[in-house]
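Need a 3D model of the sequence below.
(4 chains)
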There are 2 protein chains.
Amino acid sequence: MDEATLSQRILDAYDDLTRRERNLADLLLEDPDTLVLKSATDLSAQAGVSKATTARFFQRLGYPTYKTAQKIARSDEAGGAAPKLPARAAQRKAGRGDLAEHLANDVQNLVRSIEALRSDELARAIQSMAHAEKLWVVGFGDNYPLAHFARALLIRIKADVRMIPIGGFSVPEEFASIQPTDAMLALGIGRKTRSLRSIMRSAVHSGAQVIYLTDQASRGGPDVAHVTLRCRTRGISVYESVAAPVSLITYLCSALALKLGATAIDRLQFIENIHDEWGDLVPGDL
Amino acid sequence: MDEATLSQRILDAYDDLTRRERNLADLLLEDPDTLVLKSATDLSAQAGVSKATTARFFQRLGYPTYKTAQKIARSDEAGGAAPKLPARAAQRKAGRGDLAEHLANDVQNLVRSIEALRSDELARAIQSMAHAEKLWVVGFGDNYPLAHFARALLIRIKADVRMIPIGGFSVPEEFASIQPTDAMLALGIGRKTRSLRSIMRSAVHSGAQVIYLTDQASRGGPDVAHVTLRCRTRGISVYESVAAPVSLITYLCSALALKLGATAIDRLQFIENIHDEWGDLVPGDL
DNA sequence: CAATGAAATTTCAAAAATGCATCATTTATT
DNA sequence: AATAAATGATGCATTTTTGAAATTTCATTG
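Numbers count the residues shown, from 1 in each chain, chains lettered A, B, ... in the order given. As a prediction, this is how the structure comes out:
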């Protein structure tokens, strides 16, 4: 197996590609399956490029012909399609194509996750957050950075966004302020703690709306959450991939901003002004 | 002031650029000051491109001539250096295809970011981190969650990973422990603070290796960082997209884990065991 | 096993891109 | 102020890129 993978080859050759070839390259990087599934003619059409260009493209990549490339891709797909043991002692040398694999994996996680989301559930989640008086963001352990991230987005458009756990404060005392008019965004990617479960249960019990963002290995259910949103988090190497959760959180927050409308925009603007007045560095400058 | 900034124009036109023009584009994105400081002839030489190409490049970008572009850049630099309103009021309606758009945007950010990364720089970054005695992760403001995230990954494979800012501790006192044998991962996505710049400068000065992870609007340079890694962060709506930075951080850390080899694996395993013993995990279960 | 037809490749001429050389303008020097 | 030097724009010749059409390949069928 000295043959490089498609994505690897593309990345290696990227700087030498012409404009139209780059169209093809981007398309294939975003969805490597295209090579396996589609014909060269289709691919050309999709990229808005002539068939001639497609043929030349694959030759430049080092394949003798398109068909050859497709054949190789197919056999690869069939052969060792699942090099997927996350915790396996990684044998792969930290060479170049590693990056291509990582990219392909994250793109796939992203696409598959979003595809699988049900729009009515999303709508309900956004609705809940929009109507909530207070927002709670919960993330223990590995989810703590994610929670922090989510809160950073939310606090720009909502006035009262609380985080759990926080500082070194005792969780129950903080949590006691929860009300039926509140909504909670609970993050449960990867390892879940008992505290998470407890809090979610209590929140549901208190009458607050609970949105649970988790991975595919998780149960969910009406006793812990009103809406459960699942993301793919499969990682290639030692770590899970959080590209999909992060993207989803960002989406949720911007959808929420749009729903809130003027209120949110004003708040954003206000915050912006404060930053300016305080003389934080301008964007771009270092 | 309805004129877009140079970086913005480049990004907008990026797909229409030819090969040589992209050389110029990449150069200018990495260091926008070039336009202000250098002559078109120098710029051409540096990009390995003829002067004619440079002239035409600026015309394609919408400037009448190179001189005009330079003039505008200079006045921007002097005047109110912030022509870039991050909080542009989003007019788009919260329709359905929104999600698809969001996804497409994030995927593109991901792919384009990875394409643009230079593998030798990546290698250097990983090398630095691997050899470092202590690792420092720096992230102010919006970058704080990202820093937290990075640290969460790193602490599983390296014994001494410090974060700045932390808790409510005074930064200089913490930072004082830095040594020439250390490495620093500095995060500068979006708004950069003075503190960030100061810390990076001091770190470089102290002899530590500094890796700067930022967006495309940023300058970078040897006085603040040894390696600068750029990500696309364009967002569709009110927020920037951090899919690419998150993905890159994950990649860096797993590459680092691989490079460290057994040491890292052992540590991971050890942590896993502790989690098990403490019984705080309910894998999959909630 | 030839005929068939869809699909991929190659050919070739048009279009685009690029660099060289030249020209116009600005800037520096005496 | 006159002249030299430098810089950027532009015309033109050459090279590269590109798509339409012709040709070839290849699997399938009669």
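
Backbone dihedrals for residue A:193, please?
phi -100, psi 160 (degrees, to the nearest 10).

same thing with residue A:17?
phi -80, psi 150.

give the contact list for it.
A:25, A:57, A:60, B:19 (C-beta atoms under 8 Å, 6 or more residues apart in numbering or on different chains). C-beta here means a position set from N, CA and C on the backbone, and glycine is covered the same way.

now, which of the residues you listed sits nearest DNA strand D?
residue B:19 (6.1 Å; C-beta to the nearest atom of the strand).

Which residues belonging to whichever strand or helix holds residue A:125 are considered buried?
If you go by DSSP states H and E, residue A:125 is part of helix A:119-131. Within helix A:119-131, the residues that qualify as buried by neighbour count (16 or more other C-beta atoms under 10 Å in any protein chain shown) are A:122, A:125, A:126, A:128, A:129, A:130.

Now the fourth one. Nearest residue, chain neighbours left out?
Think residue A:128. In space, not counting the residues next to it along the chain, residue A:128 is nearest to residue A:209; the distance is 3.8 Å by C-beta to C-beta, 6 or more residues apart in numbering or on different chains.

from what I can see the one you found touches residue A:130, true?
No. Using C-beta atoms under 8 Å as the test, residue A:209 is too far from residue A:130 to be in contact (10.5 Å).

Secondary structure class of residue A:255, three-state.
Three-state call for residue A:255 (DSSP: H, G, I helix; E, B strand; the rest coil): helix.

What distance do you get for it to residue A:124?
12 Å (C-beta to C-beta, to the nearest Å).

and what of residue A:230?
Counting by C-beta to C-beta, the gap from residue A:230 to residue A:124 is 15 Å.

Next: residue A:4.
45 Å.

In contact with residue A:211, which residues?
Counting by C-beta under 8 Å, 6+ apart, residue A:211 has contacts A:125, A:128, A:129, A:183, A:184, A:185, A:186, A:225, A:226, A:227, A:229.

Same check on residue A:164?
Here residue A:164 is in contact with A:136, A:137, A:138, A:139, A:147, A:171, A:174, A:175, A:199 (criterion: C-beta under 8 Å, 6+ apart).

which ones among those are found in helices?
Among the contacts of residue A:164, the ones falling in helices (DSSP state H) are A:147, A:171, A:174, A:175, A:199.

Skipping its backbone neighbours, what lies nearest residue A:60 in space?
In space, residue A:60 comes closest to residue A:13 once its chain neighbours are excluded; the distance is 6.5 Å by C-beta to C-beta, 6+ apart.

burial of that neighbour, as a residue count?
Using other C-beta atoms under 10 Å in any protein chain shown, residue A:13 has 15 other residues around it.

can you tell me which helix or strand it belongs to?
In this structure, residue A:13 sits in helix A:6-13 according to DSSP H and E.

Taking helix B:119-131 as reference, get the angle to that helix.
Angle of helix A:6-13 versus helix B:119-131, following axes from the mean of the first three to the mean of the last three C-alpha atoms, to 10 degrees, is 110 degrees.

give me the element the residue of the stretch 51-200 of chain A at minimum distance from DNA strand D is part of.
Residue of the stretch 51-200 of chain A nearest DNA strand D, by C-beta to the nearest atom of the strand: residue A:52 (3.2 Å). Assigned by DSSP H and E, residue A:52 belongs to helix A:51-60.

tell me which residues in that helix are buried?
Those would be A:53, A:54, A:56, A:57, A:58, for helix A:51-60 by 16+ other C-beta under 10 Å.

Now do it, average pLDDT.
Computed over helix A:51-60, the mean pLDDT rounds to 94.

can you check stretch A:111-130 too?
Mean predicted confidence for stretch A:111-130 is 91.

just stretch A:72-88 next, same as before
pLDDT averaged over stretch A:72-88 gives 55.

Likewise for stretch A:204-212?
Rounded mean pLDDT across stretch A:204-212 is 94.

In terms of pLDDT, where does the residue in the stretch 51-200 of chain A that DNA strand C sits nearest to sit?
For the stretch 51-200 of chain A, the residue positioned closest to DNA strand C under C-beta to the nearest atom of the strand is residue A:65, at a distance of 2.6 Å. What the model reports for residue A:65 is a pLDDT of 92.
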